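[1] 3D, please:
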Amino acid sequence: MKTKFNTLTFIVLLLFVNELSAQEAVTKFSGELLSDQRWFTQDTPSWAWSENRLNLKFEQRLPGQTRFRTEVWLRNFGLPMLQSPLQLYSKTQTDPWDLEIREAWMQKQGFLDEKIDLTIGRQRIAWGTADKINPTDNLNPLDFEDVLDFGRRRGIDAISLNYYPSRSFDLQFVFLPWFRPANLPVGPFASLFAPQKPLPDGLTVTYMKQNLRMPKPRFQDQAALGLRAKGRVAGLDLSVSYSNAYDGLPYLDTSRVLPHESGGVAVISNLRFNRLHTFGADLATSLGGAGLWAEAALTLPAKNHISTVDLSAVSPFFPGLPAFADSLELDTNKPWLKWVLGTDYHFKDGTYFNLQYAHGFYHERGRDNLNNYLTIRLERSFINDRLNVSPLSGAFVFKDAKDIQNQHAIVWMPELAYKPVPDFQIGLKATLFGGKGENLFARMNNYDMLTLKASYSF
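    A predicted model of the protein is given here:
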């Protein structure tokens with residue numbers, strides 16, 4: 001099957017080259033240099049994040065309506081984590097860096113027919129109209145490396161066909177041959193998305209190991225697809241979509257609890273990925289100068305997911321403890337609905353206001369596990385847009401309006417940014433957490449931080 005895919009790719013490339021004429025190519029080069037430094041403010045101040053990134057974008061339009069685009073990140077990322085003098089001989093360990101290809105794709109407009117565009121390669125396929133929280137945007141893997149960079153996703157290898165029957169309507173078909181999982185946060189936030197299952201009272205975990213099972217490396221096991229119809233009707237931008245793809249975050253499959261030699265118990269867990277069907281719809285419009293948007297996605301698993309805890313090795317020592325404990329984590333008869341409503345407005349005096357309400361966050365799955373997120377941002381520009389002040393920026397999180405006292409979180413992120421020249425900006429931001437309960441941001445109570453960021457665009 002892989003040979004057939006490579007043959008198809010080669011034929012497509014030949015068609016791209018065949019369309020080239022003697023006209024001159026148009027090349028565009030741009031990028032950004034970013035320095036992002038953060039440190040925790042509670043207890044003894046310490047570094048939370050250190051990143052120096054060179055973001056390079058290259059785009060070339062060739063004759064015959066052909067386009068190539070790449071985006072690459074070259075980064076000096078993280079502080080050196082050294083434990084042995086031998087590591088001092090390695091520059092990659094004393095000065096850690098990495099190279100990441102975010103996008104690398106080619107596009108042929110008018111492929112086989114003037115109304116069809118073909119894009120092939122690593123690309124960002126962005127669906128949805130909401131601000132960063134997009135429940136219909138399920139094809140690209142989530143990039144949780146920076147847990148505070150909401151909505152960031154990685155590029156994915158794909159074939160995308162767009163058909164334009166009219167100027168106000170298009171159909172998109174996306175085929176993903178390979179599965180790419182989400183990457184998890186680094187540093188102090190590494191355990192935020194780790195799947196865990198509470199054990200019965202009386203069991204103390206002294207050793208833990210987790211194994212990950214990926215889908216088999218075959219098209220029928222890894223491939224995913226997406227369909228979207230998008231158009232403009234009576235001043236409304238509308239779209240409906242469907243995706244059949246894996247959830248990028250793994251689920252806890254089985255856990256085996258064993259007596260451990262140092263006392264307590266050892267837990268050996270197996271994790272796997274589940275395929276989901278997602279039906280989405282979104283709209284965007286403007287009314288009286290205000291932007292309005294709505295987005296929703298109904299998700300149901302391809303099959304039931306049962307998580308099993310094997311306690312048979314320790315149950316004889318704990319009267320009343322069952323040998324096995326099963327729980328239905330995903331039920332094909334219980335789909336869940338995530339949705340977002342939002343608005344924004346630019347005032348004449350330079351004030352910008354953004355308000356959004358979301359039911360369900362990126363990592364939340366299951367009808368009974370969705371929290372509510374009210375996000376707000378108020379900012380004001382001064383000195384001909386050179387100074388930007390955002391005193392009110394953040395979110396309020398709760399699960400049940402009747403139990404806000406015990407299950408809530410508050411995130412406040414005031415920010416000050418200054419542009420001494422148009423392409424250079426330096427900013428200072430505080431990120432403060434508070435809350436109670438088990439939601440994502442309540443678990444970040446002890447991670448208040450300050451951020452100093454500078455960027456130059458070219």
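
[2] rest of the way, CA atoms for contacts and neighbours
    Noted.

[3] Let's test this: name the helix or strand in the protein with the lowest mean pLDDT.
    When the helices and strands of the chain are compared on mean pLDDT, DSSP states H and E, helix 2-18 comes out lowest with a mean of 51.

[4] Parallel or antiparallel, list what pairs with the next helix or strand along the chain from that one.
    Of the helices and strands lying after helix 2-18 in sequence (DSSP states H and E), the nearest is strand 26-40. Applying DSSP bridges, strand 26-40 is found paired with strand 46-62 (antiparallel), strand 449-457 (antiparallel).

[5] So which bits of strand 26-40 are buried?
    31-40 (16 or more other CA atoms under 10 Å).

[6] And for Gln196, the neighbour number?
    If you count neighbours by other CA atoms under 10 Å, Gln196 ends up with 11.

[7] Same check on Glu415?
    Neighbours of Glu415 under the rule other CA under 10 Å: 19.

[8] My guess is it contacts Pro391. True?
    Yes: using CA atoms under 8 Å, Glu415 is in contact with Pro391, at 6.4 Å.

[9] can you give me the strands in the stretch 51-200 of the chain?
    For the stretch 51-200 of the chain, strands defined by DSSP state E, counting those that start in this stretch occupy the ranges 66-77, 97-109, 116-123, 156-166, 169-176.

[10] What helices and strands are in contact with the last one?
    Read it as strand 169-176. Other helices and strands packing on strand 169-176, by 3 or more CA pairs under 8 Å, 6 or more residues apart in numbering; DSSP states H and E, are strand 156-166, strand 224-233.

[11] Tell me the strands beside the longest one, with direction?
    If you go by DSSP bridges, strand 156-166 pairs up with strand 116-123 (antiparallel), strand 169-176 (antiparallel).

[12] now it against strand 224-233, angle please.
    With axes from the mean of the first three to the mean of the last three CA atoms, to 10 degrees defining the directions, strand 156-166 sits at 30 degrees from strand 224-233.

[13] send the alpha carbons of strand 156-166 over as PDB?
    Coordinates of the C-alpha atoms in strand 156-166 are reproduced here as PDB (Å, rounded to 0.1, in the frame of the first residue of the first chain):
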ATOM      1  CA  ILE A 156       0.700  17.000   9.300                       C
ATOM      2  CA  ASP A 157       1.400  15.100   6.100                       C
ATOM      3  CA  ALA A 158      -1.800  15.300   4.000                       C
ATOM      4  CA  ILE A 159      -3.400  15.400   0.600                       C
ATOM      5  CA  SER A 160      -6.000  18.200   0.400                       C
ATOM      6  CA  LEU A 161      -8.400  18.700  -2.600                       C
ATOM      7  CA  ASN A 162     -10.500  21.900  -2.800                       C
ATOM      8  CA  TYR A 163     -13.300  22.200  -5.300                       C
ATOM      9  CA  TYR A 164     -14.800  25.600  -6.000                       C
ATOM     10  CA  PRO A 165     -18.100  25.300  -7.900                       C
ATOM     11  CA  SER A 166     -18.700  29.000  -7.300                       C
END
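
[14] Would you tell me what helix or strand the residue lying closest to Leu298 once chain neighbours are set aside is located in?
    In space, and not counting its chain neighbours, Leu298 is closest to Leu337: 4.5 Å by CA to CA, 6 or more residues apart in numbering. For Leu337, the host element (DSSP H and E) is strand 336-346.

[15] What residues sit buried inside that strand?
    Neighbour counts over strand 336-346 (16+ other CA under 10 Å) mark 336-345 as buried.

[16] got JSON lines for those, with pLDDT and distance to Asp385 too?
    Compiled in JSON lines, the buried residues of strand 336-346 are given as follows (pLDDT from 0 to 100; distance: CA to CA, whole Å):
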{"residue": "Trp336", "pLDDT": "98", "distance to Asp385": "43"}
{"residue": "Leu337", "pLDDT": "98", "distance to Asp385": "40"}
{"residue": "Lys338", "pLDDT": "98", "distance to Asp385": "36"}
{"residue": "Trp339", "pLDDT": "98", "distance to Asp385": "33"}
{"residue": "Val340", "pLDDT": "98", "distance to Asp385": "30"}
{"residue": "Leu341", "pLDDT": "98", "distance to Asp385": "28"}
{"residue": "Gly342", "pLDDT": "98", "distance to Asp385": "25"}
{"residue": "Thr343", "pLDDT": "98", "distance to Asp385": "22"}
{"residue": "Asp344", "pLDDT": "98", "distance to Asp385": "18"}
{"residue": "Tyr345", "pLDDT": "98", "distance to Asp385": "16"}
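
[17] what's the closest of those to Thr206?
    Of all the buried residues of strand 336-346, Trp336 has the smallest distance to Thr206: 35.7 Å, by CA to CA.

[18] hey, what's the closest one bridged with?
    Beta-bridge partners recorded for Trp336 (DSSP bridges): Thr299.

[19] mind listing what it touches?
    Contacts for Trp336 (CA atoms under 8 Å, 6 or more residues apart in numbering) come out as 298-300, 365-367.

[20] can you do 7 Å?
    The contact partners of Trp336, by CA atoms under 7 Å, 6 or more residues apart in numbering, come to 298-300, 366-367.

[21] ok, back up a step: tell me the first helix or strand C-terminal of the strand holding Leu337.
    strand 351-359.

[22] returning to what we had before: same list (the strands paired with strand 26-40) but as a markdown table, adding mean pLDDT.
    A markdown table is the format used below for the strands paired with strand 26-40 (pLDDT from 0 to 100):
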| stretch | mean pLDDT |
| --- | --- |
| strand 46-62 | 93 |
| strand 449-457 | 97 |
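
[23] now the ones you listed as TSV including mean neighbour count?
    TSV is the format used below for the strands paired with strand 26-40 (neighbours: other CA atoms under 10 Å):
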stretch	mean neighbour count
strand 46-62	18
strand 449-457	18
